[in-house]
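*Asks:* Next one to model:
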Amino acid sequence: MLSSLFEAEKYLAAPAADPDPDQPGAPAFTPSAIIGASVSRIDGPLKTTGRASYAADYNFPRMVYAVPVGSTIASGKIVSLNASAAEKMPGVLLVVTHENIGDMLRTPANGRSGIGEGRPVMSDNMVSYWGQYVALAVAESFEQAQAAAAAVRIEYDAQKPNLSTAFLDDPDIAMNVASRRGDTGAAFPNAAVQVDQIYSTPVETHNPMEMHATVAVWDGKSFTLYESSQNVVGFQNSLAQALGVPKENMRIISRFIGSGFGSKLSAWPQAVLAGSVSRKLNRPVKLTVPRKMMFTATGHRAATQQRMRIGASPDGRLVSLEQNYRNHSSIGDNSRENCGEATPFLYSVPNLLVSSGIVKRNVGTPCPMRGPGAVPGLFAVESAMDELAIKLKMDPVELRLRNDTLIDESNKKPFSSRHYKECLQVGAEKFGWARRTPAVGSMRAPGRPDLVLGWGVAGASWSAGRRGCEATVVLKSDGTARVSSATQDIGTGTYTVMAQIVSDRTGIPINRIDTVLGDSSLVPGPGSGGSTATASIVPAVADGTDAAVKSLLALATQTAGSPFFQQDPAKLTLSAGRVCPIGAAAAPGVPFQDILRMANAAEVSGLGHPGGLGSDSKAGDCSMHSFGAQFAEVEWDPGIARLRVSRVVSVVDGGRIINRKTATSQMLGAVVMGVGMALMEQTVYDPRNGHPVNDNFADYLVPTHADSPSIDVHFLDIPDAMMGQYGARGIGEIGLAGIAPAITAAVYHATGIRVRELPVRIEDLLT
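*Replies:* Residues are numbered from 1 along each chain as shown. Got it, this is the predicted structure:
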C-alpha cells in the first residue's frame with residue numbers, strides 16, 4: 001500500500017496494450033502497477049491541513065449574510081407576516097418574504113428546472129411542511145441576520161398535517177407497473193411454498209457534515225456561485241434557468257464537498273435565494289442552511305411500505321415474485337423511490353410483477369439518498385428471500401445460488417458482466433458460512449456463552465452506467481501534466497483516480513500531475529450520483545491522455561533536432577514519461593518535456609469525449625449492473641438486551657478497481673451507513689405539527705466508532721468490457737445495498753424475531 005502520495009512516484013505506467021485485433025474496439029486490460037494500487041488521496045494533505053476551501057469558506061469584500069426563517073407548521077397558510085421590527089434592526093438590509101420576492105425571483109416557464117423542490121421558493125402564503133422557507137433576513141453580519149430572522153413575526157392558519165405511515169391503506173392511489181412477466185396472479189396461489197409479508201423503511205435524512213451552503217457573487221451580468229454540489233454542470237443548468245440568465249453567465253464552483261449522500265445532486269432553495277439577493281443588492285451573499293433545516297428543506301430518503309409475495313417449488317426454484325410498494329412524497333412533488341430497480345433481474349423467476357404508487361404527505365420533498373430505490377427495495381426482497389429459505393428449510397446462500405441467472409429476464413438480454421454467484425461463494429468462504437448452524441439461537445460467541453450469535457446473508461445489486469463526459473489533458477514543458485473536467489469529488493477519490501489514469505498512460509509520476517475539477521467553466525463532466533462518476537470520467541481521461549500523447553509524438557517527428565525527426569509517429573510511444581520507440585523499453589528515450597522545448601512549445605493537449613453508453617451500440621445488447629453479497633454477524637446479549645453488529649464480510653463485483661484504497665474506503669463507509677439504516681436511523685415527525693423531533697446530531701442516531709463492526713471487504717476485480725478501456729463500474733452505492741436485510745436476517749437467527757420494519761428496536765426483541 002502507498003503510505004503517501006510521494007510513494008506513488010515508483011509506480012510508473014507502461015502504455016496500455018493494443019486491443020485484440022480479433023475483437024475490434026475491445027478494451028485492453030493490461031494496467032500498470034498504479035491501476036488497482038492503494039494510492040493515497042492527492043487532495044488529502046489539503047483537507048488535513050485545513051487548506052481545502054468548502055463553499056462556506058469563501059469570503060469577499062462587502063459580503064452580506066442571509067439567514068432563513070422556517071415555518072413552524074406543516075400544513076396551512078400564512079395569515080400575517082410582520083417583518084417591520086426586523087427591518088429596523090442594526091445592519092439589516094432586507095427581509096425577503098412571499099410578499100416582496102416577486103421582483104427578485106425569475107421563475108422559468110418550465111417550472112422546476114432541476115431545483116430540489118418543485119414549488120418556487122416563497123411563491124405564495126401556503127405551507128406544506130415544517131421548516132419550509134417563509135422568510136429570509138439579510139444583514140451586514142451573520143449575527144445581525146440571525147437576530148433579524150428571530151424577530152420576524154408570523155401568524156398561521158394551521159391545519160392538521162397528514163403524516164400517516166399506513167401507505168398501503170391509502171385508497172385511490174394510482175399504481176404504476178414497472179415490470180411484468182408471466183402471470184403472478186395465477187402462479188403465486190399455486191406455489192408450494194409462499195411468503196406474503198409487508199416490509200417498511202422509515203424516513204432517513206442525509207446529514208452530511210458540511211451543511212448546504214451558497215456564496216453568490218453577481219457582477220452586474222453574470223453569477224459565480226460557490227456551492228456544496230455533487231453536480232456542478234447540473235447546478236449550472238438549473239440555476240441559470242431559475243435565476244433567468246444564459247447558461248454562459250452562470251458559473252458554479254465546488255472544489256471540495258463535505259459529502260452529500262445524494263442531497264447535493266440538485267440545487268435547493270438557498271441557492272436561488274442567495275443568487276436573487278446578490279443581484280438585488282449587488283453584493284456577495286453567503287447563505288448556510290442551519291442544521292435544523294437540513295432535516296426539512298434539503299431532501300431525505302422517502303419512507304416506503306412494500307408488500308412482497310414470493311412463491312417457490314419445494315426444491316427452492318422461484319415460481320412467482322411480486323413487489324407492490326408505495327413511498328411518500330411532498331404535497332407539491334411526485335418523487336418516486338424506485339424500490340423495484342433490482343427486482344426484475346436479480347433472480348430467475350418466470351412470473352414477476354413490480355408495481356408502485358406515491359402517497360402525498362406534509363413533509364419536505366424527498367430526493368435520492370445513497371442507493372436510492374434499490375437499497376430500500378432490496379431490504380424487502382432479500383428479507384423475503386430469507387423467510388422463504390427458512391420455510392424451505394434451505395440454506396439462504398444455496399437458495400440464492402439456485403436462482404441465479406446469466407440473463408436479465410426483464411429484457412431477455414445477457415449481462416455485460418455478472419458474477420453474483422462468485423460473490424456469494426467468496427463471501428461464504430471468507431465469512432466461514434460453513435460453520436453456521438441453522439437453528440435459532442444455536443450459536444455462541446467463542447469464550448462467551450452469554451452472547452448469542454446470529455448470521456445473515458443478503459444479495460446486492462446496483463445499476464452500471466457511463467454518462468457523457470469530457471476531459472482535457474495537457475502535457476507541459478516543465479515536465480508536469482494537467483487533467484481537468486467539470487466534475488467534482490465528494491470524498492470518493494475522483495481527484496486521485498483522474499491522476500492515476502494519466503499516470504498509467506504516460507508514466508508521469510502522480511505527484512507531477514495536477515487535477516482540476518469542481519468548476520463548471522471546465523469541459524463538461526458527470527455528476528457524482530448513481531455511482532457513475534468514476535465509470536464516466538475514466539474513459540474520458542484515458543481518451544484525452546491518448547490524444548495529448550498522439551500530439552506529442554507527432555511533434556517529436558516534426559521537430560528538427562529531435563532524435564525522432566521524420567520518423568513514423570505510429571512507431572513511437574510515451575513510457576515512463578519518455579518518448580521512445582515501441583518495443584524498446586530498455587532504451588532511455590527522451591523526456592517528453594525535452595521534446596516540447598525542442599519544438600519551442602509550452603504544451604500539448606488532448607480532449608477526451610467518449611460519450612455515454614447510450615451512444616455505444618454494443619451497450620444496448622447487454623444489461624449492465626454490479627452485484628454483491630453481504631454477510632453479517634450480530635451479537636445478542638439477552639441478559640442486558642444488547643444487540644451489536646460485530647462482523648461484516650462484503651464482496652463486490654464492481655468491475656475493475658482503479659484505486660483499492662479509496663474503493664475500500666467507500667465500502668467501509670457504506671457498511672457503517674448500513675448499520676445505521678438497520679439499527680438506528682429514522683427521522684421522527686411530531687404528528688401534531690410535522691416537526692422532526694430529532695432534527696439535530698444529538699438525537700438523530702448514526703453509528704459511532706463503537707457501533708462499527710469488523711469489516712472485511714473483497715473485490716472480485718473483474719473488468720466489464722462494455723465500460724471502456726479499464727472496465728470500471730461505480731461502487732459507491734452497492735456497498736450499502738443488502739446490508740440492512742443481512743443484519744435483520746442475522747437478528748432473526750439469533751433471536752427468532754423477524755423485524756420487518758426498520759430500524760430494529762430493542763423493544764422488538766423483547767416481545
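
*Asks:* Please enumerate the helices of the stretch 251-400 of the chain.
*Replies:* Taking DSSP state H, counting those that start in this stretch, the helices of the stretch 251-400 of the chain run over residues 269-281, 291-294, 343-346, 374-392, 396-402.

*Asks:* Residue 650 is in contact with residue 671, correct?
*Replies:* Yes - under the criterion of C-beta atoms under 8 Å, residue 671 makes contact with residue 650 at 5.9 Å. From N, CA and C alone the C-beta is placed, and that goes for glycine too.

*Asks:* any common contacting residues for these two?
*Replies:* 630, 711, 713, 735, 739 (C-beta atoms under 8 Å, 6 or more residues apart in numbering).

*Asks:* hey, where'd the strands end up in the stretch 101-250 of the chain?
*Replies:* Residue ranges of the strands in the stretch 101-250 of the chain, as given by DSSP state E, counting those that start in this stretch, are 126-127, 133-139, 153-158, 176-181, 193-201, 213-218, 223-227, 250-253.

*Asks:* average pLDDT across the first one?
*Replies:* The predicted model assigns strand 126-127 a mean pLDDT of 98.

*Asks:* So what's the gap between that strand and the chain middle?
*Replies:* 31 Å (C-alpha atoms, centre = their mean, to the nearest Å).

*Asks:* Just checking: what are the partner strands of that strand?
*Replies:* strand 76-82 (antiparallel) (DSSP bridges).

*Asks:* buried stuff in the partner strand?
*Replies:* 76, 78, 81 (16 or more other C-beta atoms under 10 Å).

*Asks:* Which member of the residues you listed is positioned nearest residue 69?
*Replies:* Using C-beta to C-beta, residue 81 comes nearest to residue 69 of the buried residues of strand 76-82, at 9.3 Å.

*Asks:* now that closest one: how far from residue 99?
*Replies:* 7 Å (C-beta to C-beta, to the nearest Å).

*Asks:* Also residue 475?
*Replies:* 58 Å.

*Asks:* Which one of those two is surrounded by more residues?
*Replies:* Ranked by neighbour count (other C-beta atoms under 10 Å), residue 475 and residue 99 place residue 475 first, with 28 against 13.

*Asks:* Just checking: what are the partner strands of the helix or strand containing that one?
*Replies:* In the assignment (DSSP states H and E), residue 475 maps to strand 471-476. The strands beside strand 471-476 in its sheet (DSSP bridges) come out as strand 481-484 (antiparallel), strand 603-608 (antiparallel).

*Asks:* From the chain's centroid, how far away is the longest one?
*Replies:* The one in question is strand 603-608. The answer for strand 603-608 is 30 Å, by C-alpha atoms, centre = their mean.

*Asks:* Check stretch 535-546 too.
*Replies:* 21 Å.

*Asks:* And stretch 140-150, by the same measure?
*Replies:* Per C-alpha atoms, centre = their mean, the centroid offset for stretch 140-150 relative to its chain is 34 Å.

*Asks:* Tell me which residues are up against it.
*Replies:* Outside stretch 140-150, the residues that reach it (C-beta under 8 Å, 6+ apart) are 64-69, 86-87, 89-93, 95, 135-139, 286.

*Asks:* can you pull the buried residues of that stretch?
*Replies:* 140, 144, 145, 147, 148, 149.
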